[in-house]
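J.: Generate a structure from the sequence data that follows.
(one chain, ligands or ions: 2)
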Amino acid sequence: MQLCFATNNRHKIEEISRLVGTNFHIVSLQEIGCYEELPETHDTIEENAFEKAEYVWEHFGVSCFADDSGIEVEALNGEPGVNTAFYAGPQRNANDNMDLLLKNLQGKANRNAHFRTCIALIINGEKHLFEGRIEGHILERQQGTGGFGYDPIFMPSGYQKSFAEMTLDEKGSISHRGKAVQKLIEFLQTMQK
Ligand SMILES: O=P(O)(O)OP(=O)(O)OP(=O)(O)OC[C@H]1O[C@@H](n2cnc3c(O)ncnc32)[C@H](O)[C@@H]1O
Ligand SMILES: [Mg+2]
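T.: Numbers count the residues shown, from 1 in each chain. Ligands and ions are numbered 1, 2, ... in the order given. This is a model prediction of the structure:
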């Protein structure tokens, strides 16, 4: 089965390719001739996931899935949430985003947060949504150099290392994205039966 992964984020491709293995043939946006930015204009992660997938389905007629993710911090009423990618501004810089989050949490005792991924799948025109979530807390400062985005300041509950200190396999086995992808794979496998 051939499916396009509608993302321009190479880290997501790396994480998801490992999780999917050889179960499905995943093609990139470039491989289907899509070189543009995908629209993400809504106020929720769910809607933005569908917006990206719908763009590819409508313009290229290819079955596809999109991942929209965010980090939601309890003491900040769920922020950055849907604004996670450009929290500190349109430059979408990971260090700037983390610095702003750490600054906004200064003096707050509650550092609980979770990552959330919504995967929107459009297969032969049918739409499905899969969600994954991981609870944890925001560290006082960056720890580790792996991963991407907010990984250096997020420590999942029950672990003593940040996502940026984990291998890709370790992160994938517990992460928001890993959980959402597992649901996607199970769904696709039942479809093939
Ligand atoms: O929309 P696409 O092209 O897929 O790529 P993107 O990077 O813009 O991705 P999102 O719109 O889903 O934005 C979510 C942001 O959340 C952050 N993020 C998402 N998943 C993450 C993860 O596993 N670890 C750390 N940060 C993550 C990162 O800053 C992303 O840019
Ligand atoms: Mg995006």
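J.: So whichever residue of the chain sits closest to ligand 1 versus A85, what's the distance?
T.: Residue nearest to ligand 1 within the chain: G149 (2.3 Å; CB to the nearest ligand atom). Any C-beta I mention is one placed from the backbone N, CA and C, and that applies to glycine too. G149 sits 8 Å away from A85, taking CB to CB, to the nearest Å as the criterion.
J.: Find residues that contact each of the two.
T.: Here G149 and A85 have N97 as joint contacts, going by CB atoms under 8 Å, 6 or more residues apart in numbering.
J.: who in the protein is up against ligand 1?
T.: 7-9, 12, 38, 40, 67-70, 84-85, 115, 147-151, 163, 175, 177 (CB under 6 Å from any ligand atom).
J.: Which of those are buried, as a PyMOL select command?
T.: In PyMOL, a selection of the buried entries from those looks like this (16 or more other CB atoms under 10 Å):
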select buried, resi 7+12+38+40+67+68+69+70+84+85+115+147+149+150+151+163+175+177
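J.: Among the residues of the chain next to ligand 1, which are located in strands?
T.: In strands, judged by DSSP state E, the following of these are found: D67, D68, S69, G70, F115.
J.: Quickly list what the residue nearest in space to the middle of the chain is bridged to.
T.: In the chain, the residue lying closest to the centroid (CA atoms, centre = their mean) is S69, at 3.6 Å. Beta-bridge partners for S69, by DSSP bridges, are T117.
J.: State the distance from it to G107.
T.: Note on S69: its distance to G107, by CB to CB, is 27 Å.
J.: got it, and E58?
T.: Counting by CB to CB, the gap from E58 to G107 is 47 Å.
J.: sorry, back to before: can I get the ones in strands among the residues of the chain next to ligand 1 in a markdown table with pLDDT and distance to G158?
T.: A markdown table is the format used below for these (pLDDT from 0 to 100; distance: CB to CB, whole Å):
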| residue | pLDDT | distance to G158 |
| --- | --- | --- |
| D67 | 98 | 24 |
| D68 | 98 | 26 |
| S69 | 98 | 21 |
| G70 | 98 | 22 |
| F115 | 98 | 15 |
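J.: Looking at the residues you listed, which one is closest to T167?
T.: Relative to T167, the closest of these is F115; by CB to CB it sits at 17.4 Å.
J.: For the closest one, give me its contacts.
T.: Contacts of F115 (CB under 8 Å, 6+ apart): S69, G70, I71, E72, R133, I134, G136, Y150, F154, S175, H176, R177.
J.: ok, now which ones touch the nearest residue to the residue of the chain closest to ligand 1 once chain neighbours are set aside?
T.: The shortest distance from G149 to any residue other than its chain neighbours is 5.5 Å, reached at A94 (CB to CB, 6 or more residues apart in numbering). In this structure, A94 makes contact with F148, G149, Y150, judged by CB under 8 Å, 6+ apart.
J.: repeat that with 10 Å
T.: A85, Y87, A88, Q142, G147, F148, G149, Y150, D151, P152, I153 (CB atoms under 10 Å, 6 or more residues apart in numbering).
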